[in-house]
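Student: Next one to model:
(one chain, ligands or ions: 3)
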Amino acid sequence: MRLILLGPPGAGKGTQAANIVDKYNIPHISTGDIFRKNIKEGTDLGKKAKEYIDGGQLVPDSLTIALVEDRLKQDDAQDGFLLDGFPRNLDQAEALDQILENMACKLTSVINIAVDPSILVERAVGRRICKNCGATYHVVFNPSKVEGVCDKCSGELYQRSDDNEETVSNRINVYSNETAPLIDYYTEQGVIINVDGQKDIDLVFEDIASALGR
Ligand code: ADP
Ligand code: ADP
Ligand code: ZN
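Tutor: Ligands and ions are numbered 1, 2, ... in the order given. Modelled structure (predicted):
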């Protein structure tokens, strides 16, 4: 299965990605996670990406597209993948079409998680992530059993530096202007699956799994 997760910041892409890759046994390719890892490790890419991420702007396509192309060429992605957070604009979507054509493969589905913009800031600002295993929680909507501690691995939970109100608002604007047009783009390609991201986490996953149908 070759899948894309589409949706505004805070829609639940990362949360659903964990369930999807587990069920369908495909690698989870999150450009946001790749950038954050590079920032943490102090790589050149991390240094270049940081200012954009902290401002809630998109990292330039010249850095992002090549990174995804390299990742899709790795062995573990040959039988399928889940892209989370890529593509985020039309140029990225067209570049991805070209990459897939060169690899002689096609997208299976684009899962569009729809959430009312009014709840996105609360979703993102309350997000907490495990430093150790990357599991995602929410202080109100999906709390860990012990505050600040991961249920799965007992790792420490942290808040992303870009999950503050101001940056989240910028990211929502960027989404509306640059990413939302991809809904039409993939609808025209006939691959879109629309899901209601305001249901409970488990119910959203049931809708995705039943639409994917395996
Ligand atoms: P994205 O990757 O799209 O930015 P996340 O999966 O990280 O979104 O989810 C954003 C925040 O909202 C997290 O704190 C997560 O626990 C919470 N969340 C995700 N899905 C739901 C849902 N269906 N209902 C309530 N909260 C949710
Ligand atoms: P969210 O889950 O909240 O949507 P991500 O983790 O996907 O956030 O992305 C965090 C930040 O990383 C974005 O605000 C952007 O600066 C950068 N980023 C991630 N993916 C891309 C991409 N495909 N193109 C450009 N920038 C990206
Ligand atoms: Zn953990």
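
Student: residues from the chain in reach of ligand 3?
Tutor: Cys130, Asn132, Cys133, Ala135, Cys150, Lys152, Cys153, Gly155 (Cβ under 5 Å from the ion). (Each C-beta comes from the backbone N, C-alpha and C, glycine too.)

Student: Neighbours of the last one, how many?
Tutor: The tally of other residues near Gly155 (other Cβ atoms under 10 Å) stands at 17.

Student: do Leu203 as well
Tutor: Neighbours of Leu203 (other Cβ under 10 Å): 12.

Student: Buried subset of the residues of the chain next to ligand 3, written for PyMOL?
Tutor: This is how PyMOL selects the buried members of the residues of the chain next to ligand 3, with burial counted by 16 or more other Cβ atoms under 10 Å:
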select buried, resi 130+135+150+155
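
Student: For the closest residue to ligand 2 within the chain, which residues are in contact?
Tutor: When scored by Cβ to the nearest ligand atom, the chain has Gly32 as its residue closest to ligand 2, at 2.0 Å. Neighbouring residues of Gly32 by Cβ atoms under 8 Å, 6 or more residues apart in numbering: Gly14, Ile53, Asp84, Gly85.

Student: pLDDT score assigned to it?
Tutor: We have a pLDDT of 96 for Gly32.

Student: Check the secondary structure at it for me.
Tutor: helix (DSSP: H, G, I helix; E, B strand; the rest coil).

Student: Tell me how far it lies from Leu5.
Tutor: 11 Å (Cβ to Cβ, to the nearest Å).

Student: So for these two, which residues contact both of them?
Tutor: Asp84, Gly85.

Student: still on that earlier bit, Asp184 versus the residue of the chain closest to ligand 2, what's the distance?
Tutor: 23 Å.

Student: In the protein, where is pLDDT below threshold?
Tutor: 214 (pLDDT under 70).

Student: what about Gly80, neighbour count?
Tutor: 16.

Student: if I pick it, what's in contact with it?
Tutor: So Gly80 contacts Met1, Arg2, Leu3, Tyr24, Ile26, Thr108 (Cβ under 8 Å, 6+ apart).

Student: Show me which of those is closest to ligand 1.
Tutor: Leu3 (14.3 Å).

Student: how would you label the closest one: helix, strand or coil?
Tutor: Per three-state DSSP, Leu3 ends up strand.

Student: ok, which stretches of the chain are helices?
Tutor: 13-24, 31-41, 44-55, 61-72, 90-102, 120-125, 165-174, 181-188, 201-212 (DSSP state H).

Student: could these go into a markdown table alongside distance to Asn194?
Tutor: Shown next, in a markdown table, are those (distance: least, Cβ to Cβ, whole Å):
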| stretch | distance to Asn194 |
| --- | --- |
| helix 13-24 | 13 |
| helix 31-41 | 22 |
| helix 44-55 | 28 |
| helix 61-72 | 24 |
| helix 90-102 | 17 |
| helix 120-125 | 17 |
| helix 165-174 | 19 |
| helix 181-188 | 8 |
| helix 201-212 | 9 |
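
Student: could these go into CSV alongside distance to ligand 1?
Tutor: Shown next, in CSV, are these (distance: least, Cβ to the nearest ligand atom, whole Å):
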stretch, distance to ligand 1
helix 13-24, 3
helix 31-41, 7
helix 44-55, 13
helix 61-72, 17
helix 90-102, 17
helix 120-125, 4
helix 165-174, 9
helix 181-188, 14
helix 201-212, 4
